[in-house]
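Novice: my questions concern the predicted model and sequence given below.
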Amino acid sequence: MINDRRPDDMVRITNAELADAFIEEQVAAMKEQIGDKKVLLALSGGVDSSVVAALLIKAIGQQLVCVHVNHGLLRKGEPEQVIEVFKNQMKANLVYVDATDRFLDKLAGVTDPETKRKIIGGEFIEVFAEEARKLDGIEFLAQGTIWPDILESENGIKAHHNAGGLPEDMDFELVEPVKILFKDEIRIVGERLGLPANMVYRQPFPGPGLGVRCPGAITRDRLEAVRESDAILREEFAAAGLEGKVWQYFTVVPDFKSTGIKDGNRAFEWCVIIRAVNTTDAMTAEVEDIPFDLMKKLVSRITSEVKGVNRVLYDFTPKPTGTIEME
Ligand code: XMP
């Protein structure tokens, strides 16, 4: 087994050579740990799980089974990208589960933010465990644990998501190939493994996904407005060269309507709130100074392209007092 802890004298991975050396060493270590056994991985499409998948595909190929659970709260194009990159390009053994209806039915009418998070987290584990039970001969569970996760759990800041809270009878040995890496190192390793830049350098995205950006009880139409407005925001930020520069940016559609005019008629519709912030550790955050011309373009596109929206607002609140997410 490779290092369980990050050695004090480990050189920070900052270039292709160091990343390649890490990949080679890790692939050999995983081959030795896993042998001819099978490994299960919950593949969200986020940086950490994607890099773990790519490393394992390199090490053990078809012995890896990736499960991608679409909880219906992913951003536009995300499940499609996971399928394209891992199934079509990397030829991974990928199980795709569209559990949208299951999640949205459970969430129907639920307004409390923490209850929503609990339902999404609990249902995720249930769906994943159900898929795991359908598979024979799995002995290992791969996880995208990273070095800050370990440090934070040791310091009591947050619980380390070890084994993802799976039922106790599912007793897998863990494979955690990026456990000693910092986020910036994982991105370089991901690039060297051939993952697309927009996957490797993507902004943070919360586990409960768009569910916390559709405040109050989630409805399918409002969720669609969040997804479509978020896609326009990401597209315009990329076109303006802000992708990878602004730390996190997204849209929120509160359960609130206001009067407007569309095509000469009264339109009583939702508003889209844009949030764009910069931070280093997410404990505090500053609002991005979006160029006014870009803002005008966003307003024009969102109000004309997103169904049920007649108004766009910008959240100018730093953290504190506002948290980054609105829920
Ligand atoms: P807040 O809203 O607390 O967000 O200022 C700080 C960072 O954490 C992300 N976030 C979450 N991530 N599950 C996650 O995996 C969650 O429930 C959750 N809530 C917030 C948020 O997107 C931001 O990057």
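Specialist: On my side now, so go ahead.

Novice: ok, which stretches of the stretch 201-327 of the chain are strands?
Specialist: Secondary structure of the stretch 201-327 of the chain (DSSP state E, counting those that start in this stretch): strands at 248-252, 257-262, 265-278, 286-287, 309-314.

Novice: mean neighbour count, those strands: which tops it?
Specialist: Neighbour counts (mean count of other C-beta atoms under 10 Å) averaged over each of the strands of the stretch 201-327 of the chain peak at strand 248-252, with a mean of 22. (Each C-beta comes from the backbone N, C-alpha and C, glycine too.)

Novice: and the angle for that strand with strand 265-278?
Specialist: Angle, strand 248-252 to strand 265-278, by axes from the mean of the first three to the mean of the last three C-alpha atoms, to 10 degrees: 160 degrees.

Novice: excluding chain neighbours, what is closest to Phe172?
Specialist: Leu141 (3.7 Å; C-beta to C-beta, 6 or more residues apart in numbering).

Novice: tell me the helices and strands packed up against the strand or helix carrying that neighbour.
Specialist: Element membership of Leu141, judged by DSSP states H and E, is strand 138-142. In terms of contacts (3 or more C-beta pairs under 8 Å, 6 or more residues apart in numbering; DSSP states H and E), strand 138-142 is packed against strand 38-42, helix 47-60, strand 173-175.

Novice: which one of the strands of the stretch 201-327 of the chain lies closest to Pro208?
Specialist: Nearest to Pro208 among the strands of the stretch 201-327 of the chain is strand 248-252; the distance by C-beta to C-beta comes to 12.7 Å.

Novice: what strands line up against the closest one, and which way round?
Specialist: strand 265-278 (antiparallel) (DSSP bridges).

Novice: contacts (any at all) between the ligand and the partner strand?
Specialist: No. If you take C-beta under 6 Å from any ligand atom as the test, strand 265-278 misses the ligand, and the best it gets is 8.6 Å.

Novice: could you give the mean pLDDT of that strand?
Specialist: Mean pLDDT, strand 265-278: 98.

Novice: still on that earlier bit, buried residues in the strand holding Leu141?
Specialist: Buried positions in strand 138-142, judged by neighbour count with 16 or more other C-beta atoms under 10 Å: 138, 140-142.

Novice: save these as JSON lines, and put in pLDDT and distance to the ligand too.
Specialist: JSON lines is the format used below for the buried residues of strand 138-142 (pLDDT from 0 to 100; distance: C-beta to the nearest ligand atom, whole Å):
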{"residue": "Ile138", "pLDDT": "96", "distance to the ligand": "25"}
{"residue": "Phe140", "pLDDT": "97", "distance to the ligand": "24"}
{"residue": "Leu141", "pLDDT": "96", "distance to the ligand": "19"}
{"residue": "Ala142", "pLDDT": "97", "distance to the ligand": "18"}
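
Novice: pick out the most distant pair among those residues.
Specialist: Maximum pairwise distance in those, criterion C-beta to C-beta, is 10.5 Å, between Ile138 and Ala142.

Novice: who touches both of the two?
Specialist: Contact with both Ile138 and Ala142 is made by residues 39-40, according to C-beta atoms under 8 Å, 6 or more residues apart in numbering.

Novice: in stretch 295-304, which residues are buried?
Specialist: Buried residues in stretch 295-304, defined by neighbour count with 16+ other C-beta under 10 Å: 298-299, 301-303.

Novice: shaky segments in the stretch 151-300 of the chain?
Specialist: Scanning the stretch 151-300 of the chain for pLDDT under 70 picks out 157-164.

Novice: what segments of it are helices?
Specialist: Counting by DSSP state H, counting those that start in this stretch, the stretch 151-300 of the chain has helices at residues 183-192, 197-200, 220-239, 292-305.

Novice: reformat the ones you listed as CSV; add distance to the ligand.
Specialist: CSV is the format used below for those (distance: least, C-beta to the nearest ligand atom, whole Å):
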stretch, distance to the ligand
helix 183-192, 12
helix 197-200, 17
helix 220-239, 13
helix 292-305, 20
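
Novice: let me have these in CSV, extended by distance to Leu43.
Specialist: CSV is the format used below for the helices of the stretch 151-300 of the chain (distance: least, C-beta to C-beta, whole Å):
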stretch, distance to Leu43
helix 183-192, 13
helix 197-200, 11
helix 220-239, 20
helix 292-305, 31
